[in-house]
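*Asks:* what follows is a predicted structure for the sequence shown.
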Amino acid sequence: MNSIRERIQAGFRGKKRCAFVALVGLSTVLAGCGKKPPSNAEIHEISQELVAAARGVVGSQPQISVRPEALPSRSGKRGATPDVINLTLDDPHREAALIRALVGAARKHDLTRGPLASNLDVVEFDLYWQSRKTHTIRITEMNSAALPAGPKLPSSAARLAIIIDDLGEDVAPARELLKLPYPLTVSIIPNLQHSAEIADDAHQRGDEVLLHFPMEASEKDAKSEYVELRVGMASEEVDGMLSSMLASVPHAAGVNNHQGSRATADSALMDELMPALRRRRLFFVDSRTTVDTVAYAAAERDGVPATYRSAEFLDDVETRAAILRQLDRAAAEAKKKGWAVTIGHPHPATIAALHDALPKLSARGVHLVFVSDLLK
């Protein structure tokens with residue numbers, strides 16, 4: 001039978017062992033707590049690695065876009081903004097391999113995957129650093145039945161891109177446009193009642209989506225939006241406004257200006273905008289609302305893929321006959337130069353004219369393409 005002294009010593013040794021184990025556990029926890037969550041810059045760097053991993057599975061053709069997530073303001077909670085990565089998958093058999101590649105790249109940065117959510121042709125999951133979300137991955141299976149795949153065009157083919165601006169307020173004309181079995185580029189004003197819905201519908205059908213970015217008009221144009229890109233804004237303001245507007249126009253592959261006769265003529269402002277587009281891998285289309293525009297030149301200088309409206313607007317005169325004449329001129333320009341970009345709006349007369357004219361374009365040797373096919 002152990003003496004009282006021996007029992008006391010044994011108990012003391014046991015307490016020392018427990019204290020040592022507790023100290024080791026506490027040190028491990030503190031070491032984990034000492035790691036800082038990734039910053040915005042680090043999240044963006046990880047996003048590019050995730051994009052590279054995805055390209056290794058799906059190749060260079062499918063559309064991949066990266067944009068910051070729009071988060072509601074929460075008092076007392078601060079942290080980096082998660083990135084949203086949208087991927088278009090044209091081969092559903094590659095979905096499992098794509099997810100494995102993304103998760104494998106994420107693990108290199110101690111990120112873990114949340115549960116998969118599936119809705120029709122969309123699979124979505126989040127990535128986390130500890131309990132903080134860093135990324136949302138959204139994989140959309142391209143609905144190959146939505147738009148028929150046309151033949152591969154020779155480089156000498158005449159190409160015409162038609163952009164339909166000012167969508168987002170009314171869903172009815174958008175649905176009429178999306179019934180047309182031809183590739184259209186739809187440009188959506190942000191933060192309107194149906195902006196996100198129309199963008200989702202167009203993307204699901206296989207059309208190309210642009211953010212129709214409100215920009216300051218000149219005084220003589222006497223037009224303004226409540227929130228718009230204005231001369232004198234600093235880079236942080238430009239970047240924040242772009243992020244906010246992209247949040248309401250999902251799947252945007254590029255940007256064109258809404259109004260903007262003063263903004264696009266201001267070199268300093270365009271020099272702030274183009275790096276923000278380049279970081280997000282967005283292209284730019286200069287709507288050319290003024291002859292004084294420097295936007296396309298700024299995009300070229302900053303390495304942003306870009307093009308510009310080369311033909312006249314389709315519907316400055318809102319009659320079917322006038323719009324058909326403008327379409328005819330745009331097609332003639334495409335035949336002469338090899339390409340043309342024109343812009344219309346969701347007016348009933350415009351939709352009716354497109355319904356009549358588009359089936360006849362191919363017979364004239366003019367092929368309708370997305371505006372991204374005409375980037376310089």
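*Replies:* Thanks, I have it. Numbering: from 1, shown residues only.
*Asks:* go through stretch 107-124 and flag the buried ones.
*Replies:* Buried residues in stretch 107-124, defined by neighbour count with 16 or more other C-beta atoms under 10 Å: 109, 111, 113, 123, 124. The way it works is simple: take the backbone N, C-alpha and C, and place the C-beta from them, glycine included.
*Asks:* could I get the residues you listed as CSV with secondary structure, distance to residue 201 and pLDDT?
*Replies:* Compiled in CSV, the buried residues of stretch 107-124 are given as follows (DSSP: H, G, I helix; E, B strand; the rest coil; distance: C-beta to C-beta, whole Å; pLDDT from 0 to 100):
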residue, secondary structure, distance to residue 201, pLDDT
109, coil, 35, 95
111, strand, 32, 95
113, strand, 29, 93
123, strand, 19, 85
124, strand, 18, 89
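*Asks:* residue 167: which of those residues is nearest?
*Replies:* residue 124 (24.3 Å; C-beta to C-beta).
*Asks:* what's near enough to touch that closest one?
*Replies:* Counting by C-beta atoms under 8 Å, 6 or more residues apart in numbering, residue 124 touches 116, 117, 118, 136, 137, 138, 139.
*Asks:* same check on residue 345?
*Replies:* So residue 345 contacts 164, 165, 166, 314, 315 (C-beta under 8 Å, 6+ apart).
*Asks:* drop anything exposed from these.
*Replies:* Judged by 16+ other C-beta under 10 Å, buried ones among these: 164, 165, 166, 314, 315.
*Asks:* report the two of those separated the most.
*Replies:* Top of the distance list for the buried ones among the contacts of residue 345 (C-beta to C-beta): 166 and 314, 12.2 Å.
*Asks:* so the residue nearest to the spatial centre of the chain, which of the three states?
*Replies:* For the chain, the residue sitting closest to the mean C-alpha position, by C-alpha atoms, centre = their mean, is residue 252 at 3.6 Å. Secondary structure for residue 252, judged by DSSP: H, G, I helix; E, B strand; the rest coil, is coil.
*Asks:* how about it: what's its closest non-neighbour residue?
*Replies:* Leaving aside its sequence neighbours, residue 252 sits nearest to residue 211 (C-beta to C-beta, 6 or more residues apart in numbering; 4.3 Å).
*Asks:* look up phi and psi at the one you found.
*Replies:* phi -80, psi 120 (degrees, to the nearest 10).
*Asks:* tell me the pLDDT at it?
*Replies:* pLDDT, residue 211: 97.
*Asks:* with residue 293 instead?
*Replies:* pLDDT at residue 293 comes out at 97.
*Asks:* show me what the closest residue to residue 92 other than its chain neighbours is bridged to.
*Replies:* Leaving aside its sequence neighbours, residue 92 sits nearest to residue 141 (C-beta to C-beta, 6+ apart; 5.2 Å). Per DSSP bridges, the residues bridged to residue 141 are residue 89.
*Asks:* residue 141: what's it in contact with?
*Replies:* So residue 141 contacts 89, 90, 92, 95, 121, 122, 123 (C-beta under 8 Å, 6+ apart).
*Asks:* of these, which one scores lowest on pLDDT?
*Replies:* pLDDT across these is lowest for residue 121, at 68.
*Asks:* show me where the stretch 1-150 of the chain has strands.
*Replies:* Ranges of strands in the stretch 1-150 of the chain, per DSSP state E, counting those that start in this stretch, are 64-68, 83-89, 111-113, 117-119, 122-129, 132-141.
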